[in-house]
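Asks: 3D model of this:
(2 chains)
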Amino acid sequence: QKEVEQDPGPLSVPEGAIVSLNCTYSNSAFQYFMWYRQYSRKGPELLMYTYSSGNKEDGRFTAQVDKSSKYISLFIRDSQPSDSATYLCAMCRYDYKLSFGAGTTVTVRA
Amino acid sequence: GAVVSQHPSWVICKSGTSVKIECRSLDFQATTMFWYRQFPKQSLMLMATSNEGSKATYEQGVEKDKFLINHASLTLSTLTVTSAHPEDSSFYICSAPLAGAPDTQYFGPGTRLTVL
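Replies: Here you go, the predicted structure:
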């Protein structure tokens, strides 16, 4: 079993729709939870991070963490074609080593 | 946000040659940097941890003699792929965390290596 599970998609939504992404994990030692966006042939770009259960909002993005269920989510409201990318969840312990999900490829159709 | 650069952005080499990839933190110091590898349509896999002033630590299954890492300064880590073979062709990405903030790691733009 992988430490981090993420549905690779692909996911296609119309412009303006809500994009819902999620990951599950098995290692209860994970303390920090991040979402990255990666465009083709580019390095990942940090979108959001959190370390506690609950919601965190940043503009159109909302990250949710449920440590009891070992489940994290990312919601993108009012999605735009420019949001089309691969979204990677990642998590780590105090040692800074990131474990990534497989990444979900999202296409927002104009 | 913090910036991490990589050089070169892409490289093509013949089988058997060695290739050096540089990773630099441009506006902050990084005592630790990480090297990842990403195959097409797959996620990033941690290869090794680069530590300034000490030896790198490698993840299970990664050959330390093949992937040489040198953390020359607080802003520079290099990865040398020695005697490269076609199966080493991949996208190599480095990252550097801000001190005391393991949840804010900044990634370089990546280096695409193609071994013929």
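
Asks: B:Phe91 versus the residue lying closest to B:Asn70 once chain neighbours are set aside, what's the distance?
Replies: Closest residue to B:Asn70 in three dimensions, ignoring its sequence neighbours and counting by C-beta to C-beta, 6 or more residues apart in numbering or on different chains: B:Thr78, at 5.0 Å. (Glycine included, C-beta is placed from N, CA and C.) In this view, B:Thr78 and B:Phe91 are 17 Å apart by C-beta to C-beta, to the nearest Å.

Asks: Quick check: the gap between the residue nearest to B:Asn70 and chain A.
Replies: 17 Å (C-beta to the nearest C-beta, to the nearest Å).

Asks: for chain A, what are the nearby residues on chain B?
Replies: B:1, B:4, B:6, B:32, B:34, B:41-46, B:49, B:91, B:93, B:95, B:97, B:102-110, B:112 (C-beta under 8 Å from any C-beta of the partner chain).

Asks: now, which of those residues lie within helices?
Replies: In helices, judged by DSSP state H, none of the residues of chain B next to chain A are found.

Asks: Strands - which of the residues you listed land there?
Replies: B:4, B:6, B:32, B:34, B:44-46, B:49, B:91, B:93, B:95, B:97, B:102-107, B:112 (DSSP state E).

Asks: And for the helix or strand of chain A with the lowest mean pLDDT, what's in contact with it?
Replies: Counting by mean pLDDT, DSSP states H and E, the weakest-scoring helix or strand in chain A turns out to be strand A:45-50, with a mean of 90. Taking contacts as C-beta atoms under 8 Å, 6 or more residues apart in numbering or on different chains, the residues outside strand A:45-50 that touch it are A:32-39, A:56, A:58, A:61, A:63, A:65, A:74, A:87, B:1, B:103-107.

Asks: So the residue most central in space within chain B versus B:Thr49, what's the distance?
Replies: For chain B, the residue nearest the mean C-alpha position is B:Trp35 (3.5 Å; C-alpha atoms, centre = their mean). Counting by C-beta to C-beta, the gap from B:Trp35 to B:Thr49 is 8 Å.

Asks: chain center to the helix-or-strand element of chain B with minimal mean pLDDT, what's the gap?
Replies: The weakest-scoring helix or strand in chain B, judged by mean pLDDT, DSSP H and E, is strand B:101-107 (a mean of 78). Put simply, strand B:101-107 sits 15 Å off its chain's centre (C-alpha atoms, centre = their mean, to the nearest Å).
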